[in-house]
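Participant: could you work out the structure for the sequence below:
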Amino acid sequence: MPIKVLIVDDSAIVRQILSRELARDPEIEVIGAAADPYIARDKIVKLKPDVITLDIEMPRMDGLTFLRKLMRHFPLPVIIVSSLTAKGSELALEALDAGALDVMCKPGASYTVGDMAISLIDKIKAAALARMPEPGAVKPKSGILKTSLTRTTNQVVAIGASTGGTQALTSILERLPSTCPGIVVVQHMPEHFTRSFANRLNEICQIEVKEAQDNDSVTPGRAIIAHGNNHMLLARSGARYHVTVKDGPLVCGHRPSVEVLFNSVARTAGRNTIGVILTGMGHDGAAGMLAMKEAGAVNIAQSEKSCVVFGMPKEAIKLGAAGHVTDLDQIPEKIIQLAEQHKDGVPVS
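Facilitator: Sure, this is the predicted structure:
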């Protein structure tokens, strides 16, 4: 059965473009389109879509308000299709906080309709597999971990995530103490959104969180998130770890790619590394995590029951790359535990 998609956007041109491009894939069926949330509400009840694409800025009711109502009463996989404006980026991040699974840019001067279609089709297929919360479910809040972990400069935590990853990363990073090892992150997210995401995390976390710039130092208490349209690699100069930001072809269908980051971590930091692979569709990062393990790293894969999409962790587990399979709410404690056990570069089981 094809994936049934409902398009919600106030622009007739956008609705037409999305409908046309999605119809090219035999695994997707566009069952309808709506110009505003009121029309969308009626079509959801009547047509029962599997996935919704949703614009944010619309008349009568904005997309964010509609999304919150939808997630409270009738949770469905939602992909935000937003403009590249600063306001659009901020609203899209609020939508991710409210329960949207993914976000992408509308086509523009540097982002063609063809590029948009390829990306959106992949996101729809991932969203169709997503594990959605029960209506009215409230996410539990946890505090910052209390730990006696001493600051170390020779350890690196490398994290990769895709669909559902923004929420997963938030739940991990906001609990880590300022003494945690330096962190490098690849989250599949479009250009222009990663800076807003990093800035938002920096406001709520005890650690520093920033979007990657070339030559940024990887130091304890700092998390660096890859730029949305560039690969990020770990490098070392003497005793200093830092990141390099590079253009290049898509790897595993992505730029930035978890695979690129993890392979660089395996080469550069080896046994001084803790790898973490989180929710997401596909296999990006699985082979790189195996390379990390073979170089002496200790790795964590998010458990199936706590994933939105159990794709990337599943592939890493199949390869034997993950030494630990851990529920999302236990990953911060596991990182600190392994960092303490692993601080002298001695692998632990």
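Participant: make it CA atoms for all contacts and neighbour counts henceforth
Facilitator: Will do.
Participant: could you say which helix or strand contains residue 184?
Facilitator: strand 182-187 (DSSP states H and E).
Participant: mind listing the strands that strand pairs with, and their directions?
Facilitator: In the sheet, strand 182-187 lines up against strand 156-161 (parallel), strand 222-225 (parallel) (DSSP bridges).
Participant: and the contacts of it?
Facilitator: The contact list for strand 182-187, computed with C-alpha atoms under 8 Å, 6 or more residues apart in numbering, reads 153, 155-162, 165-166, 218-226, 232, 256-258, 261.
Participant: now mean neighbour count too, for the strands paired with strand 182-187, in a markdown table please.
Facilitator: Shown next, in a markdown table, are those (neighbours: other C-alpha atoms under 10 Å):
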| stretch | mean neighbour count |
| --- | --- |
| strand 156-161 | 27 |
| strand 222-225 | 25 |
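Participant: any idea which of those strands gets closest to residue 143?
Facilitator: strand 222-225 (18.2 Å; C-alpha to C-alpha).
Participant: next helix or strand past that closest one?
Facilitator: strand 231-237.
Participant: and that next one, how far from the chain's centre?
Facilitator: Centre-to-centre, strand 231-237 and its host chain are 20 Å apart (C-alpha atoms, centre = their mean, to the nearest Å).
Participant: show the subsequent helix or strand relative to it.
Facilitator: Per DSSP H and E, strand 231-237 leads on to strand 240-246 as the next helix or strand towards the C-terminus.
Participant: next, the angle from the next helix-or-strand element following that next one to strand 156-161.
Facilitator: The element immediately downstream of strand 240-246 (helix or strand, assigned by DSSP H and E) is helix 258-268. Counting by axes from the mean of the first three to the mean of the last three C-alpha atoms, to 10 degrees, helix 258-268 lies at 170 degrees to strand 156-161.
Participant: paired strands for the helix or strand just after helix 258-268, with orientation please.
Facilitator: For helix 258-268, the following helix or strand on the C-terminal side (DSSP H and E) is strand 273-277. Sheet pairing of strand 273-277 (DSSP bridges) gives strand 156-161 (parallel), strand 298-302 (parallel).
Participant: hey, C-alpha coordinates of the shortest one in PDB?
Facilitator: What follows is the C-alpha trace of strand 298-302 in PDB, where atoms were taken according to Å, rounded to 0.1, in the frame of the first residue of the first chain:
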ATOM      1  CA  VAL A 298      32.900   2.200  23.000                       C
ATOM      2  CA  ASN A 299      29.500   2.700  21.400                       C
ATOM      3  CA  ILE A 300      25.800   3.200  22.300                       C
ATOM      4  CA  ALA A 301      22.800   2.600  20.100                       C
ATOM      5  CA  GLN A 302      19.400   3.900  21.100                       C
END
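Participant: now it: average pLDDT?
Facilitator: Here strand 298-302 scores 98 as its mean pLDDT.
Participant: and that strand, how far from the chain's centre?
Facilitator: Taking C-alpha atoms, centre = their mean, the mean C-alpha location of strand 298-302 is offset from the chain mean by 16 Å.
Participant: name the next helix or strand downstream of that strand, please.
Facilitator: By DSSP H and E, the next helix or strand past strand 298-302 is helix 312-318.
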